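Trainee: Pasted the sequence and its predicted model underneath.
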Amino acid sequence: MTKDKTPKGRDQTPKGLSTAGVRIMPAMAKSAQPDNGPQPLVQKPGYTLCRWVDRFIETKAGPVPIIKTRLTAGEWMSTTLVRCGINRHNYTLCPGLYGVGQPHEGSEVLVTANFKLSFDHLRRTLSGINAWILVLDTRGINVWCAAGKGSFGTKELVSRIKEVKLDSIVAHKRLILPQLGATGVNAKEVKALSKFRVIYGPVRAKDLPLFLKNNKKADPFMRQVTFTFLERLILTPVEVQILFKPAIIATVVLFILSGIGPGIFSFTSAWTRTGYGLYALAGGIFSGAVITPILLPWIPVRAFALKGILLGSAAGAALVWKLCPESISFSRALALFLFTTATSSFLAMNFTGTTPFTSPSGVEKEMKQYIPVQMILMGLSTGLLIYSGF
C-alpha cells in the first residue's frame, strides 16, 4: 500500500479520483452497453497532468482544479524541448475550466488555448491573482494560429462556456480573450449565443496583471505586436528542427546526383562529391533559417524570399571561395552556389508564417512570385551538378 501524500489542510481530489493523474472512464458495465470495441477515454481538467494542479475546489458546476502558477523543473525542461520542436504537436492539456489563487463568483475569466506552452505563459503571470481560466480545444495549437485556423473560434468558445456551466460559477458575464485570438471570434455572436461579453486583453500575457489593475484597459503598448531579436531567436530552433527529415532526403538526392558520370554511376565519386553538396546544404539552411530571421529588420529588401536570396548568395560565394583551392570545376562551383541560394530563399520565405510582418495575402503573393524563381535556381543547380560529373 502507498501512503496518502496529499498535504494536510488542502482540498482533496473529488471522492473516487486519484491525484496521481488518471483518466475517467465511461460506465464500464458490459451488460449495459454493447461491445463496440475500445471506448474513448473521457478527460477531465486537472486529472491527467496534475503535476501543476495544487488542489480542487467545489463549485456549483462540480470540482474545478486550482493550478500552480510556478513551473516545475520538469516543465521547464519540457518547454525547452518544445521550443526545439520536440513533442511540439503533443504538448496539450485537457480543455475545460481551471482556476488560480482563490477564485470566486466575481473573479475574471481568462480564455486561452489548450497548447500547454500558451497555458503556461498565462499561468506564470497570474501569481497573486484570483481568476478562472477557460481552456478551449484548439487541438494543441497556439492562440494566434488557432484563431486563423478557426479552432480558437466562436463555436468552440460558446460550446465550452455551456459545457463547463460557466454561468453557474461566476456572477458576471465577462470573458477576457487574448488580442491575438480576435480574428477567430465574433464577439457579437458570442454574446447573442451565451450572454457573455468579450473583452480583448493585451497581446502579451505578461501585461495581464497591469491590464486587470487598470480596470481592464489596455495602453497602446499592450496592443502593439512586437517581433524583437529575442522573439525571433526563440523561433530558430523549431525552424531548424523541422528540416531534419528534408535534409536527409536532400542528402540522398545529392549522393545520387554526385555519382552520375561517364560510367553511369560511381560510388567513389558520389562519396567524394557529396561532401561539397552537404556544405552547400548547411550553408543554405544556416543563412535562410538562422541568419535571415536574426537580421530580418536590417536586410534592406521587403520580400522574405529575396532576403534569403541575398544572404544565400553571400553564403554560396563564401562556400565557393573556400572550395576553390580544392580545384573543383566551374560548373560544380556554380551548381553549389545556386543550390545554397535557392535553399536559403525557400527557407527564408517559409519563415513568413511565423512573423507578424506579413498578411496571408502578402504571403500568397510572395509565394507566387518567388517559388518559380526558386525552382529555376534549383533546376539549374541540378543540371550543372550532373554536367560537372562528365
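Mentor: All right, it came through fine.
Trainee: The lengthiest helix in the chain: which residues count as buried?
Mentor: Of all segments of type helix in the chain, defined using DSSP state H, the longest is helix 360-387. By 16 or more other C-beta atoms under 10 Å, the buried positions in helix 360-387 come out as 363, 366-367, 370, 373-374, 377-378, 381-382, 384-386. C-beta: built from backbone N, CA, C; applies to glycine.
Trainee: Looking at those, spot the one nearest F119.
Mentor: V363 (27.8 Å; C-beta to C-beta).
Trainee: Could you pull up the contacting residues of the nearest residue to that closest one once chain neighbours are set aside?
Mentor: For V363, ignoring the flanking residues on the chain, the nearest one in space by C-beta to C-beta, 6 or more residues apart in numbering is T352 at 4.8 Å. Going by C-beta atoms under 8 Å, 6 or more residues apart in numbering, T352 touches F304, T358, G362, V363, E366.
Trainee: will you turn those into TSV that also has distance to F265 and pLDDT?
Mentor: Formatted as TSV, the contacts of T352 follow (distance: C-beta to C-beta, whole Å; pLDDT from 0 to 100):
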residue	distance to F265	pLDDT
F304	38	91
T358	44	67
G362	44	77
V363	40	80
E366	38	88
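Trainee: Need the max-distance pair from these.
Mentor: Pairwise distances across the contacts of T352 peak at 9.7 Å for F304 and G362 (criterion: C-beta to C-beta).
Trainee: Just the buried positions in the one helix or strand in the chain whose mean pLDDT sits lowest, please.
Mentor: Sorting the helices and strands of the chain by mean pLDDT, DSSP states H and E puts helix 229-241 at the bottom, at a mean of 77. Of all the residues in helix 229-241, those buried under the rule 16+ other C-beta under 10 Å are R232, L235, T236, P237, V238, E239, V240.
Trainee: Next up, the contacts around the closest residue to the last one other than its chain neighbours.
Mentor: So that's V240. Nearest residue to V240 in three dimensions, chain neighbours excluded: A289, at 5.5 Å (C-beta to C-beta, 6+ apart). The contact partners of A289, taken as C-beta under 8 Å, 6+ apart, are T236, E239, V240, L243, L347, A348, N350, F351.
Trainee: What does the pLDDT read for the fourth one?
Mentor: At L243 the predicted local distance difference test score is 84.
Trainee: number of nearby residues for it?
Mentor: Neighbours of L243 under the rule other C-beta atoms under 10 Å: 20.
Trainee: That one reaches L347, doesn't it?
Mentor: Yes. Contact criterion C-beta atoms under 8 Å: L243 and L347 qualify, at 7.4 Å.
Trainee: Overlap of the contact sets of those two?
Mentor: Shared contacts of L243 and L347, defined by C-beta under 8 Å, 6+ apart, are found at I285, A289.
Trainee: Distance to H172 added to the buried residues of helix 360-387, as TSV?
Mentor: Listed next are these as TSV, based on distance: C-beta to C-beta, whole Å:
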residue	distance to H172
V363	40
E366	45
M367	46
Y370	50
V373	55
Q374	53
L377	59
M378	58
S381	62
T382	64
L384	68
L385	67
I386	70
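Trainee: ok, and what's touching whichever strand or helix holds S78?
Mentor: If you go by DSSP states H and E, S78 is part of helix 73-83. Helix 73-83 has contacts (C-beta under 8 Å, 6+ apart) with R51, W52, L71, N87, R88, Y91, K116, L117, D120, I234, P237, V238.
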